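J.: this one's sequence-less:
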């Protein structure tokens, strides 16, 4: 009987040990599954966040670059870039009737002025003529005098005549400028042909 009892005890112990090992294996398997599931979720969140972040950065960069304005309140009429060849004609203003001119930039009457750069090569020496709105309400006396002016439309303009020297025998030049209008001009009335490149922007005057 004791032998049978011992054998029974051993069998029960073996069964318990096998059941314990089976439970332990199940627990380990569940733990592994949980770890892998957590890792997948973490990776999913990482890649999702990374993708969104990268997309946001790319959008922010493109928006930042594209939103940079060229000028404040600019329009197509405010930008002028041209390369032309032209022959001179007689001026139309009373003081221009005996002069020769080539108009480059039209006069502005919208409280903006042309600012830019021009380069040219001419058949004869020429002057650059710039117009400036002149405030006739400013009181002047004989001692101060006033610049040469002319009536244009409902206002008055003053002139700049600029003669540049290229330092060579060629009648050519390059300069910056600012004014209401721009032309090539000869005071002595000499007819001329000019090739020029101009890049200008109309800028609003400060209040």
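T.: Thanks, I have it. Given the structure is predicted, the values throughout are model-derived calculations rather than measurements. Residues are numbered from 1 along each chain as shown.

J.: Distance of the closest residue to residue 109 other than its chain neighbours relative to residue 117?
T.: For residue 109, ignoring the flanking residues on the chain, the nearest one in space by C-beta to C-beta, 6 or more residues apart in numbering is residue 153 at 6.8 Å. Where you see a C-beta, it was placed from the backbone N, CA and C, and this is true even at glycine. Residue 153 is 27 Å from residue 117, where distance means C-beta to C-beta, to the nearest Å.

J.: These two - which one has more neighbours?
T.: Per other C-beta atoms under 10 Å, whichever of residue 153 and residue 117 has more neighbours is residue 117, with 12 against 8.

J.: Okay, and the beta partners of that one?
T.: Beta-bridge pairing of residue 117 under DSSP bridges involves residue 176, residue 199.

J.: I'd assumed residue 174 was in contact with it.
T.: Yes. With contact defined as C-beta atoms under 8 Å, residue 117 and residue 174 form a contacting pair (7.1 Å).

J.: how long is stretch 87-104 from one end to the other?
T.: 12 Å (C-alpha to C-alpha, to the nearest Å).

J.: do the same with stretch 174-192
T.: End-to-end span of stretch 174-192 (C-alpha to C-alpha): 18 Å.

J.: For it, list every residue counted as buried.
T.: Residues of stretch 174-192 classed as buried by neighbour count (16 or more other C-beta atoms under 10 Å): 177, 179, 180, 181, 182, 183, 184, 185, 186, 192.

J.: Starting from residue 154, give me the distance back to the third one.
T.: Think residue 180. Distance from residue 180 to residue 154, counting by C-beta to C-beta: 14 Å.

J.: tell me the two of the buried residues of stretch 174-192 that are most distant?
T.: Greatest spacing in the buried residues of stretch 174-192, by C-beta to C-beta: 180 and 192 (23.0 Å).

J.: Provide the secondary structure category for the nearest residue to residue 146 once chain neighbours are set aside.
T.: Spatially, and ignoring its direct neighbours in sequence, residue 146 is nearest to residue 140 (5.0 Å; C-beta to C-beta, 6+ apart). Following DSSP: H, G, I helix; E, B strand; the rest coil, residue 140 is assigned to coil.
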